[in-house]
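# quick one, structure for this:
(chains A and B)
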Amino acid sequence: MTMTSLGEQIRARIPYQRRNAASLALLAFAMILTLSAFAEVGLARDGTIPSGLFVYGGGLVILAVVAYVVQLKFASYADPLLLPLAVALNGLGLAMIYRLDLDTSRDRKVAEMAGKHFLKDAADVPSQLMWTFVGIGLFVAAILLMRDTNRPDAPLSFTPKKAQRYTYIIGLTAIVLLLLPIVPGIGASINGARVWIHIGPFSVQPGEFAKLFLVVFFAGYLVNKRQAMSLIGKKVGPMSLPRARDLGPILVIWFFSLGVLFMQKDLGTALLYFGLFVSMLYIATQRVSWVVIGLGLLAVGVFVATQLPFMGHVNQRIDIWQNPTPYYDGGCLLDSGKVVPVNPNTDLFKAAKAAGSSFPGQSACIKLGGEYSDSAQLMKGMFALGEGGVLGTGLGQGQPWQTPLSFSDFIFDSMGEELGLTGLMALLLIYALIVQRGMKTAVAARDPFLKLFAGGVSFVVALQVFVIVGGVTKLIPLTGLTTPFLSQGGSSLMANWILIAILVRMSHDARKPAPQSIQDEGMTQIVSTR
Amino acid sequence: MDKPIRRVAIFGMLLFFGLMIQVNYVQGSEAESLRNDPNNARQYQNVFNSPRGQITAGGEVLASSSLTGKDNPKYGRTYKDGLAFSPVTGYFNGGASKVELAYNSLLGGTDKRITHQRWFDTFIGKKAEGANVELALDPDAQRRAYQLLKNGTTRRAGAAVIDIRTGAVKVLSSSSSFDPNLVAPQTGEKGVKVLEQLDGQRGVIQPLIDNGMSQTFPPGSSFKTVVAAMALDELGMTKTSTVNTGPLILPESGNPLPNSHDGGSCAGSAPLIGAFAESCNTTFGRIALDAGIQKLHDESSKFGFNRHWAIEPLVKPAESDVPLSYVDANGNKVTTGRDGTARSGIGQENVRATPLQMAMVAAAVANDGKIMQPYLVQKVTTKDQKTLYEANAKVFSEAMKSDTASQLREMMRAVVNEGTAKNLIGQNIAGKTGTAEQGAGLPNARWFVGFSPIENPRYAFAVVTEGSGDGASGAGPIAASIMAQVRRK
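Sure, this is the predicted structure:
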């Protein structure tokens, strides 16, 4: 206890200053970035500043200024980077969706004039602006709700710390949210993953919110149990193994993640929850053995998934990742491991079509006794990246809409086409900075629950970006997750803005001067909580 | 708890680091191969999005790209005197033919020779610009040839002129022809339909198939040049050897092989040069019978017959043939018999040749037996005048001995001075006439194949037109007029 901990060292260096001017300057930069992006789209396409600049760009400016004022007033010691970084991402995503919408809505008009059915999945900038509005509104509301008051009994005040009291209720809520999509009647399957529910006219992905609830639950649970889980156990070689009864929670989460995987066919989300739990377990206990056990369980889970006949989905994703070419526009994985192309140019496809099948590729594959899959989306995303090269084609000057879901799952590839490697490196740096500021907040936090909370929230961003961006750049097998702040979709935007609000509030707590001790004699004794 | 948080933070940063490496790998080093992936439809959609290089000849711009003012296609293509030049330039509408096809990647700016020199522009994403292609053609002669051919026939006609020392093709002309402006990218769907219609024509007139190098005709008596070269080279004859010019009864059918006239040199016996000048069929029928079809076939191969070869990448002239056998209408293989061999000796039966091939025969005569590899493109330069490609003269074949060539030059001069083409005296050209029958009710293929100037020849030519009458009048004056224009350079 005499050694100063890392947290103390960092806390000792924090100036406990308000950095609101820096935050405002950075915010102004994020605005310029966004407005320039809108202007570039218009200049490249029509040679004029687009009217969308004032509607969409202007709307974002007003929202961001409101968010800034609220942060200035109610979380004045907040980390100055978080809000500008989130605004920059949100703004660039909005500009890209605006740019995609210009093309897809034109296609839609042409299709409608020709009396053809047009895919309903399309870039839709008005609704994305609306969700941005709602998202930043939630940020503001969350900051207000979590405002810093000296009165613990202030009305309608709910600081992150207070969440610890409701650990189990929050955990239950998370599970309910996760299970909602498989409830018949309100659940819906979109693009092969059953992660949606319908509420009135809206489709919501409850998983996006469940993510936050799970972090709170894990933090609250692990703070209570970490002593037992970290101290008791047998030492085998360099590792100390936990007691069998302490293995319970990790097994529960493991089964739960596998359940998500099997019921919702959503490998990305399963990976996200399990990775999150293992990392938080490690933070709480500091035992490497938990990580090893976690990775072992993960390997077993993925192995089981690839062996089960009804989980061919997972198997193919892996095969497509390794060898996408034969799957282009349709490929058929046989039991022997051989891939037979069944794209529209093949005789197999033509024969099945002549036989009257409405999905000739799939039925040709069923006839062969294999599993059908299509890599065209992944490949088109990669072609978009190739088109972009180092500096990109410039916003509005590429053809990112050629990739299916270019505005949601594949928005990172769309960015890559028009902003190039340079733009993608900048985007990755923005994400990395958000994670780094979050982790710094965790280290600087004064309470173990808040440490776990902030660390978990930050890590979940890193993991999510890794899974989706790694997927669309073919670093890892592709699984569907949203790209935080960039992807079109209300649930993701709302959840991520709340996440930023939580980090802002916690960084305010961590960075504000420690309460002065009442007696003025000597140093305030700080008890390390490690 | 701080230490594990820091470790997890480092792990998170490693995840981002991994992503950054992957993005660098994909967009930095894999971009080129992704762009050229066979499944990548974008490479085919982008062909109208950047200007193609120009095709020029003698400083004249024959094909160029310009903005259409529309989104798709962004750039159109304009051809100057398209009817005259399309046998060489070809067309471009996404697909392409001739030089537009052979130099597609250089014209379009996607060739490695361009992209590798412009690595920095590629790095900053500036699209490579197409290179300019300079043809070997003489544009004025090409235009004159087209006019003369068009006026000289109501059916088909073709002409080829090559520089005997380099192989540069100075004229490659055809009638009928087509205007590539009608199928250029800016014509859109209409152009596609026009192209389909042109491509679908199955009659005698097929505008997309040029008659200069992509169509074969029976060479008739002009083929006697090849037979004479064989006689001098292989059968120990000289131009003064006495040959039988009297009547020849074909061995199989018992029918006579007729001469065009039975007086003069063709009256019974004459020196070879006289039989050549007056084009006595019986003499060359006998020489072919003595040598046999195999020997005749082998001799013609020395000039480029009986094989497919490329004049430019992907562009192959039609194959000229002296067939040992042919497949009849019932699909049976029929060996060329004795009668057929005799008729092959006068360029009939199933012997067929392109004007370009016959110009190469004349080139061998004019250039001491050596044929230089013919080519259409002189050089390719980038927009900033860097040379990416330059044609270099190389030998196509050694078709005959130098002495044989020298004797054949004498014989070709005799054709004009005292033989079948006396109407061309004073035109500074020498050559061999040919009047090939193409079957009952069909017009003759009228040839004049030779070289110019008479002394120290520089160019070899072949002209064919379809119509009634003979080669001396049906092709000779056209050849004389084209060569007068070519010599002006």
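
# between the two ends of stretch B:373-390, what distance do you get?
One end of stretch B:373-390 sits 14 Å from the other (C-alpha to C-alpha, to the nearest Å).

# right, I mislabeled it, should have said stretch B:307-321
8 Å.

# again with stretch B:432-446
Its start and end residues considered, stretch B:432-446 measures 11 Å (C-alpha to C-alpha).

# tell me which residues of that stretch are tucked away?
By neighbour count with 16 or more other C-beta atoms under 10 Å in any protein chain shown, stretch B:432-446 contains the buried residues B:Lys432, B:Thr433, B:Gly434, B:Thr435, B:Ala436, B:Pro443, B:Asn444, B:Ala445, B:Arg446. C-beta coordinates here come from the backbone N, C-alpha and C atoms, glycine included.

# and stretch B:481-488, by the same measure?
Buried residues in stretch B:481-488 (16+ other C-beta under 10 Å): B:Ser481, B:Ile482, B:Met483, B:Gln485, B:Val486.

# just how off-centre is the host helix or strand of the second one within its chain?
Assigning secondary structure by DSSP states H and E places B:Ile482 in helix B:476-487. Distance of helix B:476-487 from the chain centroid (C-alpha atoms, centre = their mean, to the nearest Å) equals 19 Å.

# got the contact list for that helix?
Residues external to helix B:476-487 that are found in contact with it (C-beta atoms under 8 Å, 6 or more residues apart in numbering or on different chains): B:138, B:140-141, B:144-145, B:148-149, B:152, B:159, B:161, B:170-171, B:421, B:423-424, B:427-429, B:431, B:433, B:448, B:450, B:452-453, B:458-459, B:461, B:463, B:465.

# quick check: longest helix of the chain.
This is for chain A. If you go by DSSP state H, chain A has its longest helix at helix A:411-444.

# if you could check chain B rather than the one you did, that'd help
When every helix of chain B is counted residue by residue (DSSP H), the longest turns out to be helix B:2-24.

# hmm, back to that, now render the buried residues of stretch B:432-446 as JSON lines, adding pLDDT and secondary structure.
JSON lines is the format used below for the buried residues of stretch B:432-446 (pLDDT from 0 to 100; DSSP: H, G, I helix; E, B strand; the rest coil):
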{"residue": "B:Lys432", "pLDDT": "97", "secondary structure": "strand"}
{"residue": "B:Thr433", "pLDDT": "96", "secondary structure": "strand"}
{"residue": "B:Gly434", "pLDDT": "95", "secondary structure": "strand"}
{"residue": "B:Thr435", "pLDDT": "95", "secondary structure": "strand"}
{"residue": "B:Ala436", "pLDDT": "95", "secondary structure": "strand"}
{"residue": "B:Pro443", "pLDDT": "94", "secondary structure": "coil"}
{"residue": "B:Asn444", "pLDDT": "95", "secondary structure": "strand"}
{"residue": "B:Ala445", "pLDDT": "96", "secondary structure": "strand"}
{"residue": "B:Arg446", "pLDDT": "96", "secondary structure": "strand"}
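
# can you lay out those residues as JSON lines showing distance to chain A?
Shown next, in JSON lines, are the buried residues of stretch B:432-446 (distance: C-beta to the nearest C-beta, whole Å):
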{"residue": "B:Lys432", "distance to chain A": "52"}
{"residue": "B:Thr433", "distance to chain A": "53"}
{"residue": "B:Gly434", "distance to chain A": "49"}
{"residue": "B:Thr435", "distance to chain A": "51"}
{"residue": "B:Ala436", "distance to chain A": "46"}
{"residue": "B:Pro443", "distance to chain A": "46"}
{"residue": "B:Asn444", "distance to chain A": "48"}
{"residue": "B:Ala445", "distance to chain A": "44"}
{"residue": "B:Arg446", "distance to chain A": "48"}
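
# in those residues, find the pair that's most separated.
The distance between the two most remote of those (C-beta to C-beta) is 20.0 Å, for B:Lys432 and B:Pro443.

# buried residues in the longest helix of chain B?
By 16+ other C-beta under 10 Å, the buried positions in helix B:2-24 come out as B:2, B:4-9, B:12, B:15-16, B:19-20, B:22-23.

# near chain A at all, it?
Yes. With C-beta under 8 Å from any C-beta of the partner chain as the criterion, chain A is reached by helix B:2-24 at B:2-9, B:11-13, B:15-16, B:18-20, B:22-24.

# dump the following helix or strand past that helix to CSV, keeping only the CA atoms.
Note on helix B:2-24: by DSSP H and E, the next helix or strand toward the C-terminus is helix B:31-35. Taking Å, rounded to 0.1, in the frame of the first residue of the first chain, the C-alpha atoms of helix B:31-35 are listed here in CSV:
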residue,chain,number,x,y,z
ALA,B,31,-5.2,-2.0,-54.6
GLU,B,32,-3.9,-2.7,-58.1
SER,B,33,-4.7,-6.4,-58.1
LEU,B,34,-8.2,-5.7,-56.6
ARG,B,35,-8.8,-3.2,-59.4
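
# buried ones in the helix or strand following helix B:31-35?
Next along the chain after helix B:31-35, taking DSSP H and E as the criterion, comes helix B:42-45. Using 16+ other C-beta under 10 Å as the test for burial, helix B:42-45 gives B:Arg42, B:Gln43.

# and helix B:42-45, how far out from the chain's middle?
Taking mean C-alpha positions (C-alpha atoms, centre = their mean), helix B:42-45 and its chain are 31 Å apart.

# average pLDDT across it?
Helix B:42-45 shows a mean pLDDT of 74.

# put the alpha carbons of that helix into PDB.
Taking Å, rounded to 0.1, in the frame of the first residue of the first chain, the C-alpha atoms of helix B:42-45 are listed here in PDB:
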ATOM      1  CA  ARG B  42     -15.700  -1.500 -62.100                       C
ATOM      2  CA  GLN B  43     -12.800  -1.800 -64.500                       C
ATOM      3  CA  TYR B  44     -15.200  -2.300 -67.400                       C
ATOM      4  CA  GLN B  45     -17.500   0.500 -66.300                       C
END
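
# which residues touch it?
A:Phe383, A:Glu387, A:Gln399, A:Gln402, B:Arg35, B:Asn36, B:Gly94, B:Thr110.

# show me these that map onto helices.
Short answer: the contacts of helix B:42-45 in helices (DSSP H) are A:Phe383, A:Glu387, B:Arg35.

# distance of the spatially closest residue to the first one that is not a sequence neighbour from B:Arg156?
Sequence neighbours aside, B:Asn40 is the residue nearest to A:Phe383 in space, at 4.6 Å (criterion: C-beta to C-beta, 6 or more residues apart in numbering or on different chains). For B:Asn40, the distance to B:Arg156 equals 42 Å [C-beta to C-beta, to the nearest Å].

# how about the strands in the stretch 51-200 of chain B?
For the stretch 51-200 of chain B, the strands defined by DSSP state E, counting those that start in this stretch occupy B:55-57, B:60-67, B:75-79, B:132-135, B:157-163, B:169-175.

# now mean neighbour count and distance to B:Ala270 too, for the ones you listed, in a markdown table please.
A markdown table is the format used below for the strands of the stretch 51-200 of chain B (neighbours: other C-beta atoms under 10 Å in any protein chain shown; distance: least, C-beta to C-beta, whole Å):
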| stretch | mean neighbour count | distance to B:Ala270 |
| --- | --- | --- |
| strand B:55-57 | 25 | 45 |
| strand B:60-67 | 19 | 48 |
| strand B:75-79 | 22 | 51 |
| strand B:132-135 | 24 | 44 |
| strand B:157-163 | 30 | 31 |
| strand B:169-175 | 30 | 34 |
